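Trainee: sequence first, predicted coordinates after that:
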Amino acid sequence: MKNNTRLILISMILLLVLIPGVAQGESPKSLMVFPGNIQSLEWNPALLAVSPYRFQLHMDVVDFNLWTNAWTVNDIIKYISADFWDEDMKKEMIRKVSGDAMTTGLDLRSGLYTGFGSWGLASRAKGNAALGVDKDFLVLLLEGITMEEMEEGIDFSDCFVRGNVIIDNSLSYAFPLDVAAESLDWDSFHIGAGLHYIYGLGWAHLNLEKGDVKLNFEEDDFSVEGAVKGEAFYSVTGLEGGGGHGFALDIGAWGQINPQLGVGLSVTNLGMIRWSGVKKAVFELDDVKIELPNFLKGEDFDFDEEDFDFDPDELEFKDHDPVNRATPIGVQAGVHYEVLPRIHLAGSLGYNQNPLPHLGVSLGSRFFYPRWLPFTLTLDYETHKGTPSLSTSLGLHIGPWEAINLTISDIKLIGGWGKETSILLNTSIRF
């Protein structure tokens, strides 16, 4: 029995780390962008006006981020390699999962940005994912249940799958507001805005309204009974009229207090996307029952269809009206300080709804020693992950061409105590 529980849990660990489900928004690292780069329009379109370049062309070749709110790399190695799990280790495994569900997420993005002075054009493909397994399921596997819970059942309704894949095109512009700069006695003040057209390739959303499990340990009834109720929605381009169209708006302000210090505030991705050709699956299984006599006796589990009792008619698939969904907004405040011409510091604080609603704070430093080899170090903390993340970026400049810029996170993985892995590879030219 213990070996079976261990096998199930190890499978869950691998599932959460390697196979996330299919949510829209930005890569977490997009919150930490230094002024002067065209991709800063992702964070605050007003930063376009701060750029000293007349023309910029930037490509994100790949932007990959995989995260979890559960265990670090060292934790996973420790749990899998342990000969046995004592009570202290079990409590530690449960305690390290932040939130009501063991959650993993995946963000993928690739895009092209073009800047002409204070104008910016961008087109990027984005795929985002979030999968959650109710934390109570982990508790059940590790600690078992009380007699009262056995009789009443356990609720697993915090399981979910969310995701979408979109193509996001935007046009952004920034302009000076001299009246505001004069009234604040700042060097300059700029307002920026961006309009997005969003083409949805695919969307899926599943939430459980009810997920109860009850165990029967009687002389003639060794079984698991369950009641599951929920709804799943999906829409896919090319599948019976599926796909989505929508618009979103970015607005931002950036003030240069003096040549060294600038501050800004922005609201991004404020809009709506309409999904057509939506399919809906309604499932309400009230009498699922699995007989487990062999399993409980430590014998091989022999599946018998007669032991799996539910009515297939309780599953319902049907067409659904188009669904309007708000795009996940972000609200950010930021600061940039030029300590020396070759040493820059930046920070941001904000709220973002992707992939799950959370607060985030970022601190970063960028060094140009030598000038052709810029080095950036960024520390991020996001509440839905529960631990800080450290990333580093190294660029190679050949005149106006930034031939390559490679960002890797979590640098903590070197020590094995990070909860996310990301890689960003891009190239750009500016003059």
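Mentor: Right, received. Where do you want to start? Numbering: from 1, shown residues only.
Trainee: can you show me the helices along this protein?
Mentor: 2-18, 73-81, 87-95, 135-143, 147-152, 178-184, 293-296 (DSSP state H).
Trainee: where does the prediction get shaky in this structure?
Mentor: 1-33, 144-155, 209-227, 285-316, 413-416 (pLDDT under 70).
Trainee: how about a cut-off of 80?
Mentor: Where the chain drops to pLDDT under 80, the residues are 1-36, 73, 98-99, 136-138, 140-158, 207-230, 282-317, 354-356, 385-387, 411-418.
Trainee: may I have the residues that are in contact with the residue nearest to residue 114 when sequence neighbours are not counted?
Mentor: Using Cβ to Cβ, 6 or more residues apart in numbering and skipping residues adjacent in sequence, the residue nearest residue 114 is residue 121, 4.6 Å away. The C-beta positions use only the backbone N, C-alpha and C, and glycine is treated the same way. For residue 121, the contacting residues are 113, 114, 115, 170, 171, 172, by Cβ atoms under 8 Å, 6 or more residues apart in numbering.
Trainee: who's in contact with the second one?
Mentor: Put plainly, it is residue 114. With Cβ under 8 Å, 6+ apart, residue 114 has these contacts: 38, 56, 57, 58, 120, 121, 122.
Trainee: turn those into JSON lines, columns for distance to residue 426.
Mentor: Converted to JSON lines, the contacts of residue 114 look like this (distance: Cβ to Cβ, whole Å):
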{"residue": "38", "distance to residue 426": "11"}
{"residue": "56", "distance to residue 426": "12"}
{"residue": "57", "distance to residue 426": "11"}
{"residue": "58", "distance to residue 426": "6"}
{"residue": "120", "distance to residue 426": "15"}
{"residue": "121", "distance to residue 426": "16"}
{"residue": "122", "distance to residue 426": "13"}
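Trainee: between those residues, which is nearest residue 100?
Mentor: Of all the contacts of residue 114, residue 122 has the smallest distance to residue 100: 35.7 Å, by Cβ to Cβ.
Trainee: in contact with the closest one, which residues?
Mentor: For residue 122, counting by Cβ under 8 Å, 6+ apart, the contacting residues are 38, 39, 41, 42, 111, 112, 113, 114, 168, 169, 170, 172.
Trainee: if I look at it, how far off is residue 203?
Mentor: Using Cβ to Cβ, to the nearest Å, residue 122 is found at 21 Å from residue 203.
Trainee: with residue 361 instead?
Mentor: 30 Å.
Trainee: okay, these two: which has more neighbours?
Mentor: residue 203 (26 against 16; other Cβ atoms under 10 Å).
Trainee: surely that one meets residue 244?
Mentor: Yes - the pair residue 203 and residue 244 passes the contact test of Cβ atoms under 8 Å, sitting 6.3 Å apart.
Trainee: so what sits against both of the two?
Mentor: 164, 235, 275.
Trainee: contact partners for the residue nearest to residue 67 when sequence neighbours are not counted?
Mentor: In space, and not counting its chain neighbours, residue 67 is closest to residue 420: 3.7 Å by Cβ to Cβ, 6+ apart. Shown in contact with residue 420 (Cβ under 8 Å, 6+ apart): 65, 66, 67, 68, 385, 389, 409, 410.
Trainee: and residue 203, by the same measure?
Mentor: Neighbours of residue 203 in contact, by Cβ under 8 Å, 6+ apart: 163, 164, 165, 233, 234, 235, 236, 244, 275, 325.
Trainee: state the number of residues packed around residue 417.
Mentor: 14.
Trainee: my guess is it meets residue 73, correct?
Mentor: Yes - under the criterion of Cβ under 8 Å, residue 417 is in contact with residue 73, at a separation of 7.2 Å.
Trainee: before we move on, back to that, now, among the contacts of residue 121, which is nearest to residue 259?
Mentor: The shortest gap between residue 259 and any of the contacts of residue 121 belongs to residue 115, at 21.7 Å (Cβ to Cβ).
Trainee: run through the bridge partners of the closest one.
Mentor: residue 56, residue 120 (DSSP bridges).
Trainee: in stretch 419-431, what counts as buried?
Mentor: 419, 420, 421, 422, 424, 425, 426, 427, 428, 429, 430 (16 or more other Cβ atoms under 10 Å).
Trainee: what does stretch 229-241 contact?
Mentor: With Cβ under 8 Å, 6+ apart, stretch 229-241 has contacts from 161, 200-211, 242-244, 275-286, 320, 323.
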